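Undergrad: no letters, just coordinates:
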């Protein structure tokens, strides 16, 4: 079957943007998380880059629905690296990419996203449940309702709404990506302005999430108290960095926090996943602005 024409294509191929987001995920220094400078938790930056390459054709495949894209991407990742490197990333970026592909001419991204989420089905939930079981993320426990080990009785959006109270990725579905489109974008753009570098901006966005609310991956694996302790450590790190005039000074504080977290086996995985999705959302919104500007000027819509 031929792939349907995208209703509102953007300037750069979506697969390139997804790969760039995943590359920045390991280029940026994110305390407690895996990066080029600092492997950890039995994984290296190369594992994440291999995973991104394996997942990219599936997360951007316009022939597939949201749920099947998630499953196919996780299946390809499992075959490529044999571990869970990107379940949270894939869960977050697929609705964003689907939204971009299915925008009507002249329709704003922010107006289409709620339609994407509202259109999620029980079949989408079946695919995502399969993906979660395959990825077997750390700290996955049992749920009295809508457990991923059972066949879903609700749509994917309803399942995410149920889980939103204890899972910050699910909360993005339930809240129409509130954290990403507020805290995430604001801190990313502040980081660009302050440090004049894209990797540094990504680090700033990551710290923004880590300081704004307890990381739900840490909460599941290590408990409430540890999650709040890490949140406080992030706030202290930001305060120390604010006294730095140059990035090398700030990097010293980041490295101190990285050592504390990795020594304790703590990985703020949810904050890292939210950061990847934030950078991608920022670029998708930027492309939207370019398209609108070109239309207003009467120039070419796409390059």
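TA: Everything's here; your move. As the structure is a computational prediction, the values presented were derived from the model and not from experiment.
Undergrad: contacts for the one helix or strand residue 252 maps to, please.
TA: Per DSSP states H and E, residue 252 falls inside helix 247-263. By C-beta atoms under 8 Å, 6 or more residues apart in numbering, the residues outside helix 247-263 that reach it are 29, 31-32, 38, 40-41, 195, 197, 200, 203, 230, 233-234, 237, 240-241, 244, 267-268. From N, CA and C alone the C-beta is placed, and that goes for glycine too.
Undergrad: kindly report the same for stretch 71-88.
TA: 22, 42-43, 47-48, 50-55, 57-59, 61, 64, 90, 94, 127-128, 130-132, 134-138, 169, 217, 269-270, 272-274.
Undergrad: model confidence over the helix or strand containing residue 287, on average?
TA: Element membership for residue 287, per DSSP H and E: helix 269-297. The average pLDDT within helix 269-297 is 83.
Undergrad: likewise stretch 157-167?
TA: On average, stretch 157-167 scores 96.
Undergrad: list the buried residues of that stretch.
TA: Buried positions in stretch 157-167, judged by neighbour count with 16 or more other C-beta atoms under 10 Å: 157-164, 167.
Undergrad: can you pull the pLDDT of residue 136?
TA: 84.
Undergrad: how many neighbours does the closest residue to it other than its chain neighbours have?
TA: Sequence neighbours aside, residue 84 is the residue nearest to residue 136 in space, at 6.3 Å (criterion: C-beta to C-beta, 6 or more residues apart in numbering). Number of residues near residue 84 (other C-beta atoms under 10 Å) recorded here: 20.
Undergrad: same check on the one 5 residues further on?
TA: Here the count is done by other C-beta under 10 Å, and residue 89 has 29 residues near it.
Undergrad: do the same with the one 5 residues further on
TA: Here the number of neighbours of residue 94 (other C-beta under 10 Å) works out to 28.
Undergrad: quick check: the gap between it and residue 207.
TA: 25 Å (C-beta to C-beta, to the nearest Å).
Undergrad: again with residue 181
TA: Taking C-beta to C-beta, one finds residue 181 at 18 Å from residue 207.
Undergrad: these two: who's more crowded?
TA: residue 207 (24 against 20).
Undergrad: what strand or helix carries that one?
TA: helix 198-212.
Undergrad: check which element follows that helix along the chain.
TA: helix 216-222.
Undergrad: tell me what that next one is packed against?
TA: Here helix 216-222 touches helix 224-241, helix 269-297, going by 3 or more C-beta pairs under 8 Å, 6 or more residues apart in numbering; DSSP states H and E.
Undergrad: again, only using 10 Å
TA: helix 168-174, helix 224-241, helix 269-297 (3 or more C-beta pairs under 10 Å, 6 or more residues apart in numbering; DSSP states H and E).
Undergrad: flag every buried residue along it.
TA: Buried residues in helix 216-222 (16+ other C-beta under 10 Å): 216-222.
Undergrad: go on, stretch 228-240?
TA: Of the residues in stretch 228-240, those buried (16+ other C-beta under 10 Å) are 229-231, 233-234, 237-238, 240.
Undergrad: distance from it to the middle of the chain?
TA: With C-alpha atoms, centre = their mean, to the nearest Å as the basis, stretch 228-240 stands 21 Å off its chain's centre.
Undergrad: between the two ends of stretch 182-202, what distance do you get?
TA: 15 Å (C-alpha to C-alpha, to the nearest Å).
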